[in-house]
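*Asks:* Test case, fold it:
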Amino acid sequence: QVQLVESGGGLVQPGGSLRLSCAASGSIFSISNMAWYHQPPGKKRDLVASITSGGNTDYADSVKGRFTISMDNAKNTVHLQMDRLEGENSAVYYCSAAIRKTSSGTFYQYWGQGTQVTVSS
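*Replies:* Numbers count the residues shown, from 1 in each chain. Here you go, the predicted structure:
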């Protein structure tokens, strides 16, 4: 089995910072990319940032310059540093990873359980 566990969510004031972390564990041969999605109340889940095992990153326009994604390949961990947070960033944040369990296996997308981020004064 593969498990993704997020941590680091919470309540922060506008303009503040939070750092989310996600650790993948279990039957993992390799990870091709990891990503963070968010789902605000009543809205669909959207991509916030992604990173490949080679270090290529992509960001939603709304977070460029404020959020930074990083990945530790050795620890199968991804982080999301969120700075200058705004009320619109309040959402449940989900970690995702494309993982294969064997050298010849197919990559499948796995999800964490989500962590709540609330930006409010």
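*Asks:* Now Gly9. Nearest residue, chain neighbours left out?
*Replies:* Thr115 (3.4 Å; CB to CB, 6 or more residues apart in numbering). Any C-beta I mention is one placed from the backbone N, CA and C, and that applies to glycine too.
*Asks:* For the residue of the chain most remote from its centre, which three-state class applies?
*Replies:* The centre of the chain is farthest from one residue, Ser104, which by CA atoms, centre = their mean lies 26.0 Å away. Secondary structure state of Ser104, per DSSP: H, G, I helix; E, B strand; the rest coil, is coil.
*Asks:* do you know how far it is from Ser25?
*Replies:* 22 Å (CB to CB, to the nearest Å).
*Asks:* Ile69 too?
*Replies:* Distance from Ile69 to Ser25, by CB to CB: 19 Å.
*Asks:* These two: which has the busier surroundings?
*Replies:* Ile69 (21 against 13; other CB atoms under 10 Å).
*Asks:* In a strand, the more buried one, correct?
*Replies:* Yes - Ile69: assigned to a strand according to three-state DSSP.
*Asks:* mind checking pLDDT for it?
*Replies:* On pLDDT, Ile69 comes in at 98.
*Asks:* Please, where are all the strands along this protein?
*Replies:* 2-7, 10-12, 18-26, 30-39, 46-52, 57-59, 67-72, 77-82, 91-100, 108-111, 115-119 (DSSP state E).
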